[in-house]
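In: Need a 3D model of the following:
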Amino acid sequence: MLIRSFLSIFFVSILLSSPTVSAVEIDLLSSTPPGSWSVREETTTDHKGRQTVTVTKTSMLGKEERNGQSYFWMEMAVDSYKLKKGKRKKNGDRAIIKSLVAESLLKGDPANAVQNLRAFGEEVIIKSGKNKPMRMKGAGGFAQGMLQGMGAEIKYDFQQQGNETVSVPAGEFDTVILRGTGSTEMKIVFKTIKVSSASTAYYSKKVPFGLVKVDGESTTNGKTSTHSAVLLEYGSSGAQSEITEVPEDMPAMPNMKDLFGG
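Out: Numbering: from 1, shown residues only. Below you'll find the model as predicted:
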């Protein structure tokens, strides 16, 4: 869930489809100053018609310099619900994910966030429910090594097509339409997992993190699910971390070659 959640910020989970018009160039920092925040609600329907709702508050907490490079602390607080007959039932504890993200991943082609996982998450702090927060260093390198060890091949393409005025609970926005496709294939033990996705995102420079609305579908080994997300509310100041305790360090990550060979 950690990788999927943060990549969605950079439109990595927005795997879009339609003919090529122009390359996508995004600068999330222009609309997302430190202190800004947004709340999105996403409804997912699986291949059996079962539905879940995820409400995510994403906050830009501040900038930090490390080893001569610029990073930004970002945090996501995630609440998940099962949806049945129009009623919500809490599904697990509130999860808080705080990550130190390289500035380079917040600008340019959003596909870079997938293709350059080593730069993703220089440091990640995770808190679930009432458990103590845990810190993992070098999360991006671990994620990239794990995918390489599983023989994962990731392909994403993002294109920009037109404009549209969109109304969501947070208000009415003039947006840029982003479309494209994405796929990945990996092998876990003796099973090959193939995922392909297609969706449409509506992006605005007026809101933190840019996302106003997203609609799409994802197919995993022939089983298709759909998702739809909307912006509920947002603000340009006041964001604070919900993790107040001193985190404990996770054990060092194993060498992927030892786990998967190679």
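In: For the stretch 51-200 of the chain, which segments are assigned as strands?
Out: Applying DSSP state E, counting those that start in this stretch to the stretch 51-200 of the chain gives strands spanning 51-66, 69-84, 87-90, 95-102, 107-108, 123-128, 134-137, 153-168, 171-188, 191-203.
In: Which one, of those strands, ends up nearest to residue 214?
Out: strand 191-203 (4.8 Å; Cβ to Cβ). Placement of C-beta: from N, CA and C, glycine included.
In: List the buried residues of that closest one.
Out: Burial within strand 191-203, assessed by neighbour count using 16 or more other Cβ atoms under 10 Å, is assigned to 195, 196, 197, 198, 199, 200, 201, 202, 203.
In: likewise stretch 65-77?
Out: Neighbour count says stretch 65-77 has 71, 72, 73, 74, 75, 76, 77 buried, by 16+ other Cβ under 10 Å.
In: surely the fourth one meets residue 61?
Out: So the one you mean is residue 74. Yes. Proximity of residue 74 to residue 61 meets the contact threshold set by Cβ atoms under 8 Å, at 6.7 Å.
In: between these two, what contacts are shared?
Out: Counting by Cβ atoms under 8 Å, 6 or more residues apart in numbering, the contacts common to residue 74 and residue 61 are residue 98.
In: Where does the prediction get shaky in this protein?
Out: By pLDDT under 70, the weakly predicted segments of the chain are 1-25, 108-121, 138-156, 187-190, 251-262.
In: for residue 225, which residues make a bridge with it?
Out: Per DSSP bridges, the residues bridged to residue 225 are residue 218.
In: these two touch, right, it and residue 46?
Out: Yes. Using Cβ under 8 Å, residue 225 is in contact with residue 46, at 4.6 Å.
In: Between the two, point out the one with more neighbours.
Out: residue 225 (19 against 15; other Cβ atoms under 10 Å).
In: so how far is residue 199 from that one?
Out: As for residue 225, its distance to residue 199 is 11 Å (criterion: Cβ to Cβ, to the nearest Å).
In: which neighbours do these two share?
Out: With Cβ under 8 Å, 6+ apart as the test, residue 225 and residue 199 both reach residue 217.
In: Please identify which of the buried residues of strand 191-203 is nearest to residue 107.
Out: Closest to residue 107, out of all of the buried residues of strand 191-203 and judged by Cβ to Cβ, is residue 203, at 13.9 Å.
In: Now do the contacts for the closest one.
Out: 11, 26, 175, 176, 177, 178, 210, 211, 212.
In: Show me the beta-bridge partners of it.
Out: residue 211.
In: Please apply the same query to residue 163.
Out: residue 176.
In: Quick check: it touching residue 176?
Out: Yes. Taking Cβ under 8 Å as the definition, residue 163 is a contact partner of residue 176 at 5.8 Å.
In: Between the two, point out the one with more neighbours.
Out: Legend: neighbour count by other Cβ under 10 Å for residue 163 and residue 176, higher for residue 176 (18 against 12).
In: Outside of stretch 53-65 itself, list whatever touches it.
Out: 5, 9, 32-44, 70-81, 83, 88, 98, 100, 208-209, 232, 239-241.
In: To clarify, my last question referred to stretch 33-40.
Out: So stretch 33-40 is in contact with 55-63, 72, 170, 207-209, 211, 229-239, going by Cβ under 8 Å, 6+ apart.
In: of those, buried ones?
Out: Using 16+ other Cβ under 10 Å as the threshold, 55-61, 72, 170, 207-209, 211, 229-231, 234, 239 are the buried ones among the contacts of stretch 33-40.
In: picking up where we left off before, now flag whichever of the contacts of residue 203 is closest to residue 191.
Out: Comparing the contacts of residue 203 against residue 191 with Cβ to Cβ places residue 11 closest, at 28.6 Å.
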